[in-house]
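K.L.:
how would this look folded up:
(one chain, ligands or ions: 1)
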Amino acid sequence: MAASRIVAHPPPYPHRQSPPSDAPPSLNLTLNPKRYRNLGIRASLRGHEEKNKNDLADKPHSVELRATSTPDDVVSRDLLSLPRPLSSTQLSASVSDSSRLRVAYQGVRGAYSESAAQKAYPNCEAVPCEQFDTAFDAVERWLVDRAVLPIENSLGGSIHRNYDLLLRHSLHIVGEVNFAVRHCLMANHGVKREDLKRVLSHPQALAQCENTLTKFGLVREAVDDTAGAAKHVAYHKLQDAGAVASSAAAKIYGLNILDQDIQDDSDNVTRFLMLAREPMIPGTDRRFKTSIVFSLEEGPGILFKALAVFALRQINLTKIESRPLRNQPLRADDSNNSKYFDYLFYVDFEASMAEQSAQNALRHLKEFATFLRVLGSYPVDTSLT
Ligand SMILES: O=C(O)C(=O)C[C@]1(C(=O)O)C=C[C@@H](O)C=C1
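P.N.:
Just a heads-up that it's a prediction; the model follows:
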């Protein structure tokens, strides 16, 4: 693979040197301490000569690499060896020499999503992405083989953004993985719990530790992902703030764990979906689940009718989620001209599309659904680690 050149941004901190413009590949960090929303690293490459599998390969790629939060020792020890992260503005420069499966996840190293990706695809090359959309795009553009994204949590509920993205993109669900999320409260070495005034983490993680954080009297600050929070606390050597993240994140970013298992329920499980460009061929050799999304005509009892197509065939529903229809959220009511919300229904049911009963149920549903899409038929994850 041809050498890639990183365009250097002038460093905001004088002690950080940017490389000469003709320097061999190296990373330059633009640090942006105030932007909590951008705790991920963005890397883009210019002059990446290798023909990529997507059409962006012909275009010059502007390079921007931004990291908001890393202590010096972590920069030298860990950050330079981190996998190259992807941003939605630049997805093209991530061809790997490795023959390992490349799996996109949202967040930075040490995020639960990274562990879930490793559980779903042991020995994969986990590729960090800034946002959920970036991970979808990366698969669609053939930059990675799969994405592993959270869809629901036993304490916090659904991750709505990913429901919406499932519809907006054309990827297929090829698997699910349940991951036991065990949160730690961490801070810089020497900082005690009594010193903390605030705590940073992903909103879902903060919600999962609601009772504990209230008991500790800590102000919550939401950031993009748990590991990004740990990185931020470490980089800025914060003395009044801690992070809620995994023990792996504490190790990577050199933080001290003050409390373990601080989630409100010890059985805190996040369900992740595995996404691919191609659907998997459904089997009947093991337990399968199928995920669909549909919208309905209006009328009394229509949702009852829709759900009955499964009940009539003894098909168990495992999840139902409704989301407002974005383009035409409001539907006029003929009788009195009032308007009400129109919805998309996401349903998971326990059957494989290879089973006659599932096919019949969907044929029946189509009779009164205004839209129906099968998002995937995939093996049920019965494990919990
Ligand atoms: O921030 C992380 O570490 C993530 O992987 C994200 C995420 C989520 O989006 O729900 C995943 C699992 C946990 O439930 C908390 C956060």
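K.L.:
would you map the helices across the chain?
P.N.:
72-77, 112-120, 132-140, 160-168, 203-208, 210-216, 226-235, 247-253, 302-311, 356-366 (DSSP state H).
K.L.:
is the ligand contacted by the fourth one?
P.N.:
Yep, that's helix 160-168 we're talking about. No. Helix 160-168 stays clear of the ligand (Cβ under 6 Å from any ligand atom), getting no nearer than 8.2 Å. Any C-beta I mention is one placed from the backbone N, CA and C, and that applies to glycine too.
K.L.:
which helices and strands sit right next to that helix?
P.N.:
helix 132-140, strand 146-153, strand 317-324, strand 343-349 (3 or more Cβ pairs under 8 Å, 6 or more residues apart in numbering; DSSP states H and E).
K.L.:
list the buried residues in the third one.
P.N.:
By neighbour count on 16 or more other Cβ atoms under 10 Å, the buried set for strand 317-324 is 321, 323.
K.L.:
can you show me the CA trace of that strand as PDB?
P.N.:
The C-alpha atoms that make up strand 317-324 are tabulated as PDB, following Å, rounded to 0.1, in the frame of the first residue of the first chain:
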ATOM      1  CA  LEU A 317     -42.600 -11.400  19.600                       C
ATOM      2  CA  THR A 318     -39.400 -10.300  21.400                       C
ATOM      3  CA  LYS A 319     -39.400  -6.600  20.800                       C
ATOM      4  CA  ILE A 320     -41.700  -3.800  19.500                       C
ATOM      5  CA  GLU A 321     -40.600  -0.300  19.000                       C
ATOM      6  CA  SER A 322     -42.400   2.600  17.300                       C
ATOM      7  CA  ARG A 323     -40.800   5.600  15.800                       C
ATOM      8  CA  PRO A 324     -42.500   8.600  14.200                       C
END
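K.L.:
sheet-wise, list the partners of that strand with their directions.
P.N.:
strand 343-349 (antiparallel) (DSSP bridges).
K.L.:
could you give the angle of the partner strand to helix 356-366?
P.N.:
170 degrees (axes from the mean of the first three to the mean of the last three Cα atoms, to 10 degrees).
K.L.:
got the contact list for strand 343-349?
P.N.:
The contact list for strand 343-349 (Cβ atoms under 8 Å, 6 or more residues apart in numbering) reads 163, 166-167, 289-296, 303, 306-307, 310, 315-325, 358, 361, 371, 375.
K.L.:
again, but for stretch 372-385
P.N.:
119, 166-167, 172-180, 269, 271, 274, 279-280, 282-283, 286-294, 346, 350, 352-354, 358, 362, 365-366.
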